[in-house]
Each structure stands twice: as structure tokens, then as C-alpha cells.
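Trainee: Pasting the sequence and the predicted coordinates here, then a few questions.
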Amino acid sequence: MPDLTEDRLRIDASPTKEFFIHMLTRDVPLSRAIIDLVDNSVDGAQRLRKEGRYDGLWIRIEVNADSFAVSDNCGGIPIDIAKNYAFRFGRPKDAADSPGSVGVFGVGMKRTFFKLGRCFSVESRCRTEGFVMNVDVDQWILGDEDAPDDWHFQFDSANKDLAEVSNEETGTTIRVTNLYPTVTANFALETFQTQLWRELSAAHAVSVDKGLAITLNLLPLDHLPQSLFVSDAIKPAYVEKEYPRMQIDGCEGEPVRVKLYAGVAKREYQEGGWYIFCNGRLVLKADQTYLTVWGETHGLRRYHGELAFFRGYAFFDSRHSTLLPWTTTKTGVDTDAPIYKVVQREMIEMTKPVISFLNELAKQTSADNQGEWSDKSLANAITTASAMRTDNISSHTQFQAPQPIVRPPGPRMQRIQYSKTADEVEKAKSLLGVTSYKDVGERTFEYYLQYEGGE
Amino acid sequence: MPGSYRSVNYSLRPAKTVERKMLGEAFRRLYPFQRVEDYRYVGFGSIYFTDFQLMHCALGIDDMVSIEKDELAEECFVFNRPYRSIDLRFGLSGSILPQLGWDRRTILWLDYDGKLDNSSLGDVDTFCARCTSGSALMLSVNAQPEAELGEDARNSVEAETGKAFNASAYRLSKLKELIGDKVPRGTDGATLRGKGLAQVIKRVIDNQIATQLEIRNSLLPRPNDWFIARSFTSFTEMVRKCLR
């Protein structure tokens, strides 16, 4: 390394290891950091099985006050990848694209290690290769005496010609010990574990659906398939679109495929809204804001209670993860991405007919509640429908729902409202022999008209 | 609110009749895209269906959709329908437009009774997102400036806002009620008198169309494939440019 004192015009702008550790780890909350590691394992599963199911594959997450581990049987990390790419900070330009992967940005794994604790180890077994590495972060920061700013780790062992094993026996185990005090404090809380469990269940619902067995401290994740109501009278909307890569970033490659579903499901205020998935990873859950379709900016009303039946699901899939409209933390959508804007337009149009139906339904329900005549066919259409999983919906349709029957208007009605002393009202009530105040009013009016109106 | 057809017999308004005939001529100029009679026409026929009669007689269009929000009078509309080929759809334009197929060239005339609001802009969005190249959009809205307020009304505005009544601020606030954050920045309430409101409305509509087309164009391969909108500042300008 050149001696800085000799070159007086040279300014040192190189990063320090401390910078990376302290600044990078702040970007992401603890549960997200853990989910990043799980994403890597899910990627491994996807590489093993490509388009198929994940039965037989598992990921085990162990979160304890004094240690943390993620192990899986999803293919392992090849030595060359580990040596040249997986532990680099950032993704080198020549790194091969991992088709359809969730882990894109080259930051997740290292960031998580540094956030959790001071010692981490990675053990990997591929079919004929395997390695073990251990890192003591404090020692790494200090570095070698003669090369203190060297940014390398070291394998404890790395072997490229082991006896071949089957795919099910490949996998990776990651362990972090010497956890930081705040991490330990969080891990010990049951509320943290519950929250993490929920977030994992949501984030990887699609993979769990495909048979991937993910457990947190031996507890399997919740199974939350996306579904919409279907019946003779109600059909959800389903649209499929494909956008060639050339139109997105001007390069040759595989397209981005988008599947959109919109319809109604169980009435649940918190669950209503749009769900956005990128390569099977839930990125936006039950969105009720302008990020998706709601609000005047998009020409729709804001999300509110009457729309609690609404569900929209958008699945973006591509072999090139960088084309998908997600943020670096994979917890949101990149609303500026042209592909998102175009699909969002489609989402808005698909939402409109469902909202019309739900507005009608609300009108009929409120008429019913006020004792007026209402068209019950709308409510019936919902109660007689059954939930169908989105992956079983295959025919492209517009949203269909019953149109309300318009009852021809009867004579125009006029409401009369007045107050009288309670004694008088009670007296009239007993004289008339009725049980409700409404009847007192109606009968006295009829009585008057009959005797004075000459009917 | 009952449809305006209940108060005005459209077929008896001579200025509107001339307007319609000029429009018919202008639309004939769409022929470079395809035969005009093969276009679809979508409009708010109302009970008189005068637009539809024009489109059919002057341009030969058969494929027609009439959107009508007054579903209580369905039988009247069905009875009055001049041609069987008119597809009557009952409901608000915001519900019906997204449900139509948009795979054919369309002339869409959104002839609103009221002022421009977010739901009418939503209809513009639907058209821009879905239309086939060679389609035409006509939009009519009420661009009358807010009437002068009487003293009682002024007092109640003062009570609501806590400030002295200011006509410009009042007009601007009324516009914001209708179209919210789409009011162009820097719009001065004082300009919303006379023809000023109409100019602002035109700008809002142009902005809306430009935004939607930009989204639609962003994923289209080449500049040649991009959608372009030609718009006209006044009816007479359009007729003049089209009849050249």
C-alpha cells in the first residue's frame, strides 16, 4: 500500500470496517435482518427445485438469548461463490444473476452477522464440496499487523472433492454467538419471537404454500394462502401480463411476469387491501394507502370500513430480481419504477368494479338495517361463496357480482318527527293498544286523516 | 340529483345541435386510422340519445354504448333507444368504463352535467390507460365560475373558516374540494372568474392525460410506439384544425 506521507496530493477516502459495522447495521430492524438470512435459504430452495414444489426441504431458525442459528437443507453455498462473491460487501458486476432470487442486493448476510453478534460461523455442504469458516469480528477489525485494512475472511477448511451426497443432504448452517446486549434482550422476549414468527409467516407465505418447512424454535410457520370468494354469482378478476426485459432496462433476458387478482374475501378491516409479492416474497401487506390504489390521487376513495371485504393480490416474478419493483429492504415497493406504475394502473382499474359492488352492498345493508326494503341478493352472494386459493384461479375474467335489483319507487314518502310529553305519549300508546312509538305516530296520523280527510 | 334531462330537452337546443353537427364532421377526419363507421361510440345518451342519432346517421357507427346513471328510469331509456345496437349500461361512468372491453378504436364523449371532479378525472385515467391508438376523447364539464355569494352565505363561510370572507380564497377552496391536489400549483383564486376557471380546468385535464400517457409509454419499446395526445384549447380550434 502506498505510503500516504509521500504523496501530498492524495486524500484518504477509504472506508473503515467500523463504518460498515456500525452504519450498515442501523439500516434494518432486527427481525428484518433475520428474515434476510431466511431469504437466502429460500433462494437456495428455489435453485434446487426451479419451478417446482419444495416438499422435503426445510429451514430451521433458532433464536435464543445466547445464540442464533439458521440451518437449511437447500443446496449449500459453492466454494467459489463463497470465496469470490458471497462475502463481498456489495454485489460485484460480474456475479452471475441468481434466477428468480429474493436475495438481490449483496448486503443482507453480512449486515445480519454484524448486527447480531461478535462471532459468526458458516458451514456449508454442497453435493461434492464443503467448507467451514469462523469469524471473530473484533479480531477481524484489528486485522493482521502488516495489513490492518485488509478486508478478507478465511476458510477454516474448504474441500472440493468430497464424496458425493444427495441433494437432501446438502445445506448451510449459520451460527452467531457472543450476541450484542440489545439483541440478547430482544431474543429473550416472547413478544419479539411472536412478532418475528408473524413476519416470517407473512413474508414467505408463498414458499410455505409450496411445501417448504420453515420453523422458528421448532414451531412451524403459519399457513396463510391467498384466497378469494368464488360462487355462481361472484367471480374474482384475474389478469396476467408479461413485460419483456428489453422494455424495462434495455437488455436481453427473461421477462417479468405479473399476475393480478382482485375480488372479495372474509370481511376483516386489517386484512383488506392490496398484497404485493415479488418472486414469492410478500413485500406489501394489506396496503390501504396511496402506495397501491387508494385515495384521490388515483381517482378512488380512501380505504374505509365498507371496503373490508376487498382483497387484491399482485405477484411479480422474474428470473432477474433487479427488474422487480421492490426497495432494498424488500419491505416496500419502489413506486417510481415504471413497471410498478404500469401495473398499478391495471390494479386501479381492477379495483373499481369491486368497489362499486361493495358500495352497493353497503347501501343495501344499511337499508336493511333501517327496516326498509333491500335487495338481499348481494349479501347472499357473499355468504354463499366459498374461498378459493388464488393459484386455483386460472381463467381470465373481469370481476363479476350481482347487480342490485332496482325496486321501482313507491309513492314518495315524507318523514314526520316531533316530541310530546312522555305522559301524553304513554296515554296515546295504551289507548291505541300499540307497543312502539313509531306505531303511535303512524296510527294517530292515519286516525286523523281518516276522520278529517274524508277517506 | 335527477339527470339534467328532466329539466332540459336536449333535442331542442339549437346551439348544441350545431355543435354536434360540427363534431360529426370533425370525427370524420379520423379516417386515416380506419373506416369511421367501424369505430365504437361510448357516451351518456341520456333520454334523448341525440348524440347517438348523430353518430349513427352522420358517421354510420353501429357499435354504441350508452352509460346512464339513472337506473330507476330504465324502462324509459329502453323504450326511447333509437337503435337496437345501442348497448345500454346503467351505473356510474366510474363503474362502467373499467368494465368495457377496450380492444377497439373508440370515440368517447364524457358529457358531464356537473363540474370536473376526481371521479371524472378517474374516467379520463381509465380511457388513457386502456384506449387503442386512434381513439378520441371528448370531455364536457361545467366550467362556470362560482356564483357570487349573498350575505348569509358569506357569513357562514366566515364562521367556518374563522377569517374574513375573501372571494378568491373561496373560489380556490371550492376548486380544491372538487379536485384536491390536482389544482396546479400557483393557481390564484382571483383568476377563477369568467373564462379563467375553464382555462385552469383544461390545464388540469391536460396534465392528467399527460401523466397517464407517460406511465403507459414508459414500458413501450420505442418512441414510435408511444401514445401521444393531441388536444385543443377550444371547440372552434378543434373544428378548425380538423376540417383543414
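Mentor: Now that the structure is in, tell me what you want to look at. Numbers count the residues shown, from 1 in each chain, chains lettered A, B, ... in the order given.
Trainee: Name the residues linked to A:I214 by a beta bridge.
Mentor: Beta bridges link A:I214 to A:I59 when assigned by DSSP bridges.
Trainee: That one: how many residues sit nearby?
Mentor: A:I214: 25 surrounding residues under other C-beta atoms under 10 Å in any protein chain shown. In short, each C-beta sits where N, CA and C put it, glycine included.
Trainee: low-confidence ranges in the chain?
Mentor: Going with chain A. Regions of chain A meeting the criterion pLDDT under 70 cover residues A:1-6, A:90-108, A:144-149, A:329, A:406-409, A:454-455.
Trainee: if you could check chain B rather than the one you did, that'd help
Mentor: For chain B, residues meeting the criterion pLDDT under 70 lie at B:1-16, B:47, B:222-226, B:231-244.
Trainee: Show me where it has its strands.
Mentor: B:40-43, B:63-68, B:86-90, B:106-111, B:136-140 (DSSP state E).
Trainee: I figured B:P221 was touching A:Y243, is that so?
Mentor: No. Between B:P221 and A:Y243 there is no contact under C-beta atoms under 8 Å: 10.7 Å.
Trainee: These two: who's more crowded?
Mentor: Taking other C-beta under 10 Å, B:P221 and A:Y243 do not tie; A:Y243 has more neighbours (19 against 11).
Trainee: from what I can see the more buried one touches A:P338, true?
Mentor: No. Taking contacts as C-beta under 8 Å, A:Y243 lies outside contact range of A:P338: 9.3 Å.
Trainee: which residues do those two both contact?
Mentor: Counting by C-beta atoms under 8 Å, 6 or more residues apart in numbering or on different chains, the common neighbours of A:Y243 and A:P338 are B:L219.
Trainee: Tell me which residue lies nearest the centroid of the chain.
Mentor: With no chain named, the answer covers chain A. Centroid-nearest residue in chain A, with C-alpha atoms, centre = their mean: A:L282, separated by 2.8 Å.
Trainee: Hmm, no, I was thinking of chain B.
Mentor: Centroid-nearest residue in chain B, with C-alpha atoms, centre = their mean: B:L139, separated by 2.4 Å.
Trainee: For chain B, just list every one of the helices.
Mentor: With helices called from DSSP state H, chain B shows them at B:14-28, B:50-59, B:74-80, B:93-96, B:118-130, B:151-161, B:167-179, B:196-217, B:235-242.
Trainee: Look at A:D391 and tell me its secondary structure.
Mentor: With DSSP: H, G, I helix; E, B strand; the rest coil as the basis, A:D391 sits in helix.
Trainee: List the residues that contact it.
Mentor: A:209, A:225.
Trainee: could you redo the last one with a cut-off of 7 Å?
Mentor: If you count contacts by C-beta atoms under 7 Å, 6 or more residues apart in numbering or on different chains, A:D391 has none.
Trainee: and the gap between it and chain B?
Mentor: With the distance defined as C-beta to the nearest C-beta, to the nearest Å, A:D391 ends up 25 Å from chain B.
Trainee: With adjacent residues omitted, what lies nearest to the closest residue to chain B within chain A?
Mentor: Taking C-beta to the nearest C-beta as the measure, chain A has A:G299 as its residue closest to chain B, at 2.7 Å. The spatial neighbour of A:G299 that comes closest, neighbours along the chain excluded (C-beta to C-beta, 6 or more residues apart in numbering or on different chains), is B:G122 at 2.7 Å.
Trainee: how many other residues sit next to that neighbour?
Mentor: Neighbour number of B:G122 under other C-beta under 10 Å is 22.
Trainee: can I assume B:E146 is in contact with B:R171?
Mentor: Yes. Contact criterion C-beta atoms under 7 Å: B:E146 and B:R171 qualify, at 5.0 Å.
Trainee: The two: which is more packed in?
Mentor: With neighbours defined as other C-beta under 10 Å, B:E146 and B:R171 compare such that B:R171 has more, 21 against 17.
Trainee: Figure out the helix or strand that A:T194 lives in.
Mentor: Per DSSP states H and E: A:T194 is located in helix A:190-203.
Trainee: That helix packs against which elements?
Mentor: Contacts defined by 3 or more C-beta pairs under 7 Å, 6 or more residues apart in numbering or on different chains; DSSP states H and E place helix A:190-203 against helix A:30-49, strand A:213-216, strand A:281-287.
Trainee: and the longest one, how far out from the chain's middle?
Mentor: Okay, so that is helix A:30-49. The chain centroid and the centroid of helix A:30-49 are separated by 15 Å under C-alpha atoms, centre = their mean, to the nearest Å.
Trainee: Mind listing what's buried along it?
Mentor: A:30-46, A:48-49 (16 or more other C-beta atoms under 10 Å in any protein chain shown).
Trainee: near chain B, which residues of the stretch 101-250 of chain A?
Mentor: Residues of the stretch 101-250 of chain A lying near chain B by C-beta under 7 Å from any C-beta of the partner chain: A:243, A:246-248.
Trainee: Now list the buried members of the residues you listed.
Mentor: Among those, those scoring as buried are A:243, A:247-248 (criterion: 16+ other C-beta under 10 Å).
Trainee: Report the secondary structure state of A:N134.
Mentor: Assigned by three-state DSSP, the conformation of A:N134 is strand.
Trainee: Kindly state the beta-bridge partners for it.
Mentor: In this entry, A:N134 is beta-bridged to A:S121, by DSSP bridges.
Trainee: one step back: with distance to A:S207 and secondary structure added, can I get the buried ones among the residues of the stretch 101-250 of chain A next to chain B in a markdown table?
Mentor: Formatted as a markdown table, these follow (distance: C-beta to C-beta, whole Å; DSSP: H, G, I helix; E, B strand; the rest coil):
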| residue | distance to A:S207 | secondary structure |
| --- | --- | --- |
| A:Y243 | 24 | strand |
| A:Q247 | 29 | helix |
| A:I248 | 25 | helix |
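Trainee: Could I get the buried residue list for the strand or helix carrying A:R345?
Mentor: Secondary-structure assignment from DSSP H and E places A:R345 in helix A:338-369. Buried residues in helix A:338-369, counted by 16+ other C-beta under 10 Å: A:338-358, A:360-362, A:364.
Trainee: got it, and stretch A:184-204?
Mentor: Within stretch A:184-204, the residues scored as buried using 16+ other C-beta under 10 Å are A:184, A:186-187, A:192-193, A:196-197, A:199-204.
Trainee: what's around A:S430, how many residues?
Mentor: Other residues lying near A:S430 total 9 when counted by other C-beta under 10 Å.
Trainee: Could I get the CA-only coordinates of the helix or strand hosting it as CSV?
Mentor: Under the criterion of DSSP H and E, A:S430 resides in helix A:422-432. Taking C-alpha atoms only, helix A:422-432 is exported to CSV below (Å, rounded to 0.1, in the frame of the first residue of the first chain):
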residue,chain,number,x,y,z
ALA,A,422,-93.9,11.3,27.9
ASP,A,423,-97.2,11.1,29.8
GLU,A,424,-99.2,12.1,26.7
VAL,A,425,-97.3,9.6,24.6
GLU,A,426,-97.8,6.8,27.0
LYS,A,427,-101.5,7.6,27.3
ALA,A,428,-101.9,7.5,23.5
LYS,A,429,-99.9,4.3,23.3
SER,A,430,-102.2,2.5,25.7
LEU,A,431,-105.4,3.9,24.1
LEU,A,432,-104.3,2.8,20.7
